[in-house]
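> need a structure here:
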Amino acid sequence: MDVLTDLNDDERMNTSTSRSIRDGHVVDPPQDPEEMLELARFLENHATPAVLLGPDGEQIPLPLAAYELLREVVSAMERGASVSVEPIDRQLTTQEAAGLLGVSRNTLIRLLDEHELPYERLGQSRHRRLRLRDVLAYRDRKRTDRRGRLDELTRQASEDGLYDVDADTYKAALAEARRS
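Next up is the predicted model:
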């Protein structure tokens, strides 16, 4: 099974994003968004797979799984995202995994030592390898956790009436809180 990784703006702009993943497997959207827009519209209007037409006129039905993946890739690129299609069981180096998560390699090593992410060692080597699926699952868990915490902070602020306070009153209260 393959996975489509849609790199968001932060990940695309982050120069620590793994070079080997980026250089070998990441495709940036075309400079002319009109190309993707036309293809996206075509795919949206056709719910079932079509055929793939070769340069010599030969046609072959496009399997449903490939067609659905194509729709996802085009949708992501239409939004201006870079995409990567990788085997889900692909092994990553610690540097590649750190780049994908947007953290330093040292931070990733700490996460591994704290058993936050599973990894494998290559024989007697000290080098560790992580499965892409595990790194993506960890990233999704962290995103969900952050989203939940932000929702809770927003709920508390709303209950405390912080959204009903004008800016000057808020600044004065903040200054008072800092003093005490």
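> for the longest helix along the chain, what is the distance to the chain centroid?
Assignment by DSSP state H gives helix 132-159 as the longest helix of the chain. Centre-to-centre, helix 132-159 and its host chain are 14 Å apart (Cα atoms, centre = their mean, to the nearest Å).
> show me the helices in this structure, by range?
In the chain, the segments counted as helices under DSSP H are 9-13, 19-25, 33-44, 64-78, 94-101, 105-113, 132-159, 167-179.
> can you redo those as a markdown table with mean neighbour count, distance to Gly123 and mean pLDDT?
All C-beta spots, glycine's among them, are computed from the backbone N, C-alpha and C. Formatted as a markdown table, the helices of the chain follow (neighbours: other Cβ atoms under 10 Å; distance: least, Cβ to Cβ, whole Å; pLDDT from 0 to 100):
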| stretch | mean neighbour count | distance to Gly123 | mean pLDDT |
| --- | --- | --- | --- |
| helix 9-13 | 13 | 32 | 42 |
| helix 19-25 | 14 | 21 | 47 |
| helix 33-44 | 14 | 44 | 85 |
| helix 64-78 | 17 | 35 | 89 |
| helix 94-101 | 23 | 16 | 93 |
| helix 105-113 | 15 | 17 | 96 |
| helix 132-159 | 12 | 20 | 93 |
| helix 167-179 | 9 | 55 | 86 |
